[in-house]
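Enquirer: sharing a model that was predicted from the sequence below.
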Amino acid sequence: MPTILVVGATRGLGASIVKTYAADPKNQVLATARTTNPPANSNNISYIPSIDISTPEASSTLVHDLESRKITHLDIVIITAGYFATESLEEPSFSAQERMYKTCVIGPTILTTSLANAGSLLNSSSKVIFVSSESGSITLRHESEGGGNYGHHASKTALNMSAKLLSLDLKERGVAVAVVHPGFMRTEMTKGVGFDKFWDDGGAVTPDVAAKSLMEWIETFDVSKTGQYWAPRGAADIGTAEPVLGPKDKLPTPLQLPW
């Protein structure tokens with residue numbers, strides 16, 4: 001029975017991933033929630049409460065919970081937790097950037113190292129997937145898009161670097177590590193920063209659609225591709241793809257993204 005851990009599992013993409021994996025009774029799905037009162041366990045989904053990835057105690061709390069459940073191996077770990085606040089040249093935000101770095105970079109990195117140091121939780125055949133964004137690609141930043149949103153873009157770039165370094169540290173164990181741009185999604189997060197006005201023109205999809213594409217890609221991912229950066233849905237929703245990489249209809253799907 002494959003054991004899948006989804007971090008950030010009660011909303012958006014994380015919730016869709018949990019639901020889709022749980023549809024297969026052969027999967028054991030562990031799902032983290034920040035709240036102390038997560039959804040009730042059902043079928044093969046077990047919720048782990050009080051895991052706020054932006055806090056120092058999140059990793060030790062999670063490892064302790066896994067040990068109490070006698071989980072000895074994780075086949076797939078998907079870290080989807082994130083935070084997005086908008087900024088501009090005129091209105092930067094120290095506090096927003098601090099929260100984005102804690103949630104999008106520091107928390108996922110510390111959590112993964114904690115799992116790696118907890119017995120055999122991560123070993124041969126484990127896959128660790130960091131949900132990043134095409135916004136973390138320095139190469140894809142183009143004048144057609146403009147600047148701003150410093151913490152959002154830079155935290156995703158930092159996450160990409162952490163994932164790359166973790167892939168080097170864990171490769172000898174046979175652990176495959178990747179970062180992915182799951183697609184532009186119609187979520188409360190993107191709506192909350194006003195990006196819903198771009199949903200139609202930007203080709204935004206529902207979390208269920210993005211989850212399906214991501215999970216299909218994970219099936220093909222192994223240690224031979226560790227340390228890479230991918231867009232399972234291709235370039236369709238990446239606005240700077242054409243000026244940087246060329247015509248979208250000439251680019252493959254899935255698409256390996258440039259750092």
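Expert: Arrived safely.

Enquirer: can you give me the strands for the stretch 101-250 of the chain?
Expert: Read by DSSP state E, counting those that start in this stretch, the stretch 101-250 of the chain holds these strands, from start to end of the chain: 127-131, 176-180, 228-231.

Enquirer: as CSV, these with mean neighbour count, distance to Ser95 and mean pLDDT would be great.
Expert: To be clear about C-beta, it is placed using only N, CA and C from the backbone, and glycine gets the same treatment. Listed next are those as CSV, based on neighbours: other Cβ atoms under 10 Å; distance: least, Cβ to Cβ, whole Å; pLDDT from 0 to 100:
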stretch, mean neighbour count, distance to Ser95, mean pLDDT
strand 127-131, 25, 23, 98
strand 176-180, 26, 26, 98
strand 228-231, 22, 29, 98
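
Enquirer: got these as TSV, with distance to Gly151 columns?
Expert: Formatted as TSV, the entries for the strands of the stretch 101-250 of the chain read as follows, by distance: least, Cβ to Cβ, whole Å:
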stretch	distance to Gly151
strand 127-131	17
strand 176-180	18
strand 228-231	20
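
Enquirer: I'd like to know which of these lies nearest to Ile79.
Expert: Across these, the minimum distance to Ile79, taken as Cβ to Cβ, is reached by strand 127-131, at 5.4 Å.

Enquirer: remind me what that closest one packs against, helices and strands.
Expert: For strand 127-131, the contact count by 3 or more Cβ pairs under 8 Å, 6 or more residues apart in numbering; DSSP states H and E identifies strand 76-79, helix 150-170, strand 176-180, helix 207-220 as packing neighbours.

Enquirer: of all those, which one is nearest Phe94?
Expert: Proximity of these to Phe94 was assessed by Cβ to Cβ; the nearest stretch is helix 150-170, lying at 9.2 Å.

Enquirer: counting contacts, what elements does the closest one pack onto?
Expert: Packed against helix 150-170 by the contact rule (3+ Cβ pairs under 8 Å, 6+ apart) you find helix 94-101, helix 107-116, strand 127-131, strand 176-180.

Enquirer: that one vs helix 94-101, what angle?
Expert: Regarding helix 150-170 and helix 94-101, their directions subtend 30 degrees when assessed with axes from the mean of the first three to the mean of the last three Cα atoms, to 10 degrees.
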